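*Asks:* Sequence and computational prediction follow.
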Amino acid sequence: MSAHTHHDDNDFLFKYIFSTDHKMIAKQFLLTGTFMGFIGMMMSLFFRIQLGWPGEASPLLESVLGSWAPDGILAPDKYLALVTIHGTIMVFFLLTAGLSGTFSNLLIPLQIGARDMASGFMNMLSYWLFFLSSLVMLASLFVEGGPAAGGWTIYPPLSALPEAMPGSGLGMTLWIASMAIFIMSSLLGSLNYIVTILNLRTKGMTMTRMPLTIWAFFVTAILGVLSFPVLFAAVLLLLFDRSFGTSFYLSDIFIAGKALEVEGGSPILYEHLFWFLGHPEVYIILLPALGITSEVVATNARKPIFGYRAMIGSILAIGFISVLVWGHHMFVTGMSPFLGAVFTFTTLLVAIPSAVKVFNYLTTLWKGNIIFTPAMLFAIGLVSTFITGGLTGIILGDSALDINVHDTYFVVGHFHIVMGLSGTFGMICGVYHWFPKMFGRMLDKRLGFVHFWLTITSAYGVFFPMHFLGLAGVPRRYYTNSSFPLFDNLIDINVTISIFAFIGGVAQFIFLYNLLYSMFKGPKSPKNPWMSNTLEWTTPVEHIHGNWPGAIPEVHRWPYDYSKPGADSDFIPQDVPLGPDEKDEGH
Amino acid sequence: MLDLLIIVSVVLGIIALAQLIKVLDLASQARGENSWENTDKDNKAQARLMPVFLVVYFASIIYQMVAWGKYLLPVSASAHGETIDNLMMTSWIVIFPVFILTHILLFYFAWKYSYDKNRKAEFFPHSNKLELLWTIVPTVVLSILILYGLNTWNNITTPASEEDDAVLIELYAYQFGWIARYAGEDREFGDANVRLIEGVNALGMDSTDSRGWDDKIVRAEFHLPVNRPVQFIFRAQDVIHSAYMPHFRAQMNCVPGMTTRFGYTPTITTSEMKGITQNDEFNYILLCNKICGAAHYNMQMDIIVESEAEYETWLAEQKVFLPMDGTPKVKEVAPEEVVDSTFTEAEEMTTASIN
């Protein structure tokens, strides 16, 4: 048992820094991820200034960004740098490491009844590699030429040739280094999650008694193990092309006044490798968010999640289909039309398990007894964003329709709502719900209410209008739309989006304040504040190594016995033995 | 100064917030409540906000449609584009009712079933009938959309046949602009290679390839005849670009090291489209839609669609790559020599005349 391998609790270094305790590591992931998330968000606010008021000098930009915004006007290549690093940070550092790192670490041992992760050391290594990769990514902001600026997908040759743009110099090398370290961190984490879930479940915790959170983390980890190594290979080959004169991705290139000695490579190869990770990545973000909200919706509707087995089935189905759809990012690369047809087919299939999930959420709310905690509000918000963003996926996944909306703002609107918002809502929902488990204190509900309503209003205010921009033909990653008379009318839309973005930004600082204040000054948490069934609420509020002071409780029932007929209380924790005539719904 | 104001207001905001929370805390403590547990009042207030939000959300969508709907792309200016627009409309007809219905259910249930300590939630863990219903219905609807979509896709991607007498145009993308090349009388493009790019020969055309001598190279704008198929061939010089012609519902990436293709038939001339959009300034455009560097946002070319006669007149005015007046001029020059050539133009002329 890993509890015995821990250093003395009084040793500050090993308790707070090089801790191998999953609860401490979860907190480390949360803080680092949140920090990165705020940086990513601030970047988006900076480039929203440019997009809303192109060419207008902003003293704020100049004072914050310095030489990136000479005379207060963001430079075009630095605009692209901000967009690129915003995307990278949000997708990988906030919504992959921040989300999975925090909640998989916190909840897997606590909810399956384990003393700790299978390997505490690997878990610690996973965090510190993540920390290191964050540092490298941030360091890339300060090198000559600026950070990577070829979009978060860093397609070569743009990313392979330093002469193609300023950000393709040292900044790009650091991006690759950072991602390589990040992938190692992710793999160590994922392997640990899988092994822990398979091997360390407490007595009675069968697979069909696991909370949906654990199912979601489980499938997420499998997806990560299958797809991240492919990205590793992709960026490694890119590094070779950049530094060692290979031409995996390069062929027939004339740039900066001369033809290069590269022949036979294909940038399309990179795209295939990238999206082989890139698409499952969407579900690496979404599944934990869906798992977290399933748990929160059931708890706060005081009602079992509807269709527990169908929910597991749809998680598995989504996970399986997600590795077969990457080509839908490449419909207009000139790929074989037949292949395009296949990817259209597989892509639209994802809508079926997704629809099942949505209807199951709705049925769970039906005739529930809903307590609107801030976590519950964000869970309801997630259902809304998942529907709104998911439905436009039916358009983008259709190869014929994709021709004209590919790489436009329609795509930006779609994926920000379905992946960005749903992922963030899921993460925030989890923070509100499990903050007491992490810090032993409670968040302030009123700030939570304000935070939610400001966030969902501004989020739709930002991302819904983007569909209109896209249908008007505006390409994404444009520094300004003012070069085309065609887009002159659209400046109002951009101003609207920017204003909502600022409101949304302010709302997140309310959240940050709530987090930091409550971490130290919040009221002490009771043992089971939300009257929840899952095992984590049977552990003491004060964290101890090994999680339970005595024996690990035995599990007797599924986690969703809320408002069960015949019971006095409206919840029955998983460690309560079944009554004489009682049936366990999980089996 | 502005920065200082912003910083001061942020700091003051935080202090105000902290004070407000303290006051609220004291007030709720006096009522025997705490700062985290939902009271009946909280649940009622939040529940009431649910339908309010739904109405605001729907109203804002209607507002956006009314205010911004007119800025969307006009009717498709290409034959296949109409089929795309029809498919798009069909998809919206499927999507919108689902969107509205699920949102109404979501926010209605949230409002209707808010917490009441005298009531118990219904224990309703599963129903195979319902699960089957919402697996089968989406499957059927999506099957129809998939079949319709694939049929449209196959029609679009079937290349133009020889009998179509398609106009052959190569679009060449580079940082940061476009060059168009017409295949000329022989309906074939001459070979081109990045290693031959030099000075005015921006496409790297091989001057020994006679198929290329009658190719016509144009910049800034290119013309298309209405109602005649156009077959585009795309190439890129340096990084990936994407040729996006939104009015024609056409897009294809331009990838270094390979050629890609897309074809369409323009159906509306530029002057007709000026009438349709009621905009005398209207112009069809080609723009870059794949991030390609700092000036990605300004990489454009105008497209003029006109009658066959106007098109022929315009095309006749364009210069061919190598004007032929009998014998080839630079036939014997090997590609390497062209690249490395440091001759002045006068010397080159001499060489050519010797040959």
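*Replies:* Thanks, I have the structure now. Keep in mind it's a predicted model, so treat the numbers as computed, not measured.

*Asks:* who touches stretch A:117-136?
*Replies:* A:2, A:5-6, A:18-22, A:25, A:28-29, A:32, A:36, A:93, A:97, A:101, A:105, A:108-109, A:174, A:177-179, A:181-182, A:184-186, A:188-189, A:191-193, A:195-196, A:199-200 (CB atoms under 8 Å, 6 or more residues apart in numbering or on different chains). Bear in mind the C-beta positions are built from the backbone N, C-alpha and C, glycine included.

*Asks:* Hmm, I typed the wrong one, I wanted stretch A:231-244.
*Replies:* A:154, A:156, A:159-162, A:172-173, A:176, A:179-180, A:183, A:246-250, A:265, A:270, A:273-274, A:276-278.

*Asks:* Apply 6 Å and report the result again.
*Replies:* A:156, A:160, A:176, A:179, A:183, A:246, A:248-250, A:270, A:273-274, A:277 (CB atoms under 6 Å, 6 or more residues apart in numbering or on different chains).

*Asks:* Next, the contact list for the closest residue to residue A:417 other than its chain neighbours, please.
*Replies:* Excluding the flanking residues, the one nearest residue A:417 by CB to CB, 6 or more residues apart in numbering or on different chains is residue A:389, at 3.2 Å. Residue A:389 sits next to A:414, A:417, A:418 when contact means CB under 6 Å, 6+ apart.

*Asks:* Let's see which of those residues end up in helices.
*Replies:* Of the positions in the contacts of residue A:389, residue A:414 sit in helices, assigned by DSSP state H.

*Asks:* Serialize the contacts of residue A:389 to a markdown table and add fields for pLDDT and distance to residue A:83.
*Replies:* Shown next, in a markdown table, are the contacts of residue A:389 (pLDDT from 0 to 100; distance: CB to CB, whole Å):
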| residue | pLDDT | distance to residue A:83 |
| --- | --- | --- |
| A:414 | 97 | 17 |
| A:417 | 97 | 18 |
| A:418 | 96 | 19 |
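
*Asks:* Pull out the buried members of the contacts of residue A:389.
*Replies:* A:414, A:417, A:418 (16 or more other CB atoms under 10 Å in any protein chain shown).

*Asks:* Tell me who's in contact with the first one.
*Replies:* Pointing back at residue A:414 there. A:389, A:392, A:396.

*Asks:* okay if I get those as TSV plus distance to residue B:103?
*Replies:* Below are the contacts of residue A:414 laid out as TSV (distance: CB to CB, whole Å):
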residue	distance to residue B:103
A:389	13
A:392	14
A:396	20
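
*Asks:* closest to chain B among those?
*Replies:* residue A:392 (7.5 Å; CB to the nearest CB).

*Asks:* Look up the closest residue to the closest one, ignoring the ones flanking it.
*Replies:* Using CB to CB, 6+ apart, the nearest residue to residue A:392 is residue A:414, at 4.4 Å.

*Asks:* Past the longest helix seen in chain B, which element shows up next along the chain?
*Replies:* The helix that spans the most residues within chain B, counting by DSSP H, is helix B:79-112. As assigned by DSSP states H and E, the chain's next helix or strand after helix B:79-112 is helix B:128-157.

*Asks:* Strand partners (parallel or antiparallel) of the next helix or strand after that following helix?
*Replies:* As assigned by DSSP H and E, the chain's next helix or strand after helix B:128-157 is strand B:167-174. Next to strand B:167-174 in the sheet, as set by DSSP bridges, lie strand B:177-182 (antiparallel), strand B:230-236 (parallel).

*Asks:* which outside residues touch the longest one?
*Replies:* Counting contacts by CB under 6 Å, 6+ apart, the residues outside strand B:230-236 that touch it are B:160, B:166-173, B:224, B:243, B:252, B:254-256, B:259-263.

*Asks:* Just the buried residues from the residues you listed, in ChimeraX please.
*Replies:* To isolate the buried members of the contacts of strand B:230-236 in ChimeraX, using 16+ other CB under 10 Å:
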select /B:160,166,167,168,169,170,171,172,173,224,243,252,254,255,256,260,262,263
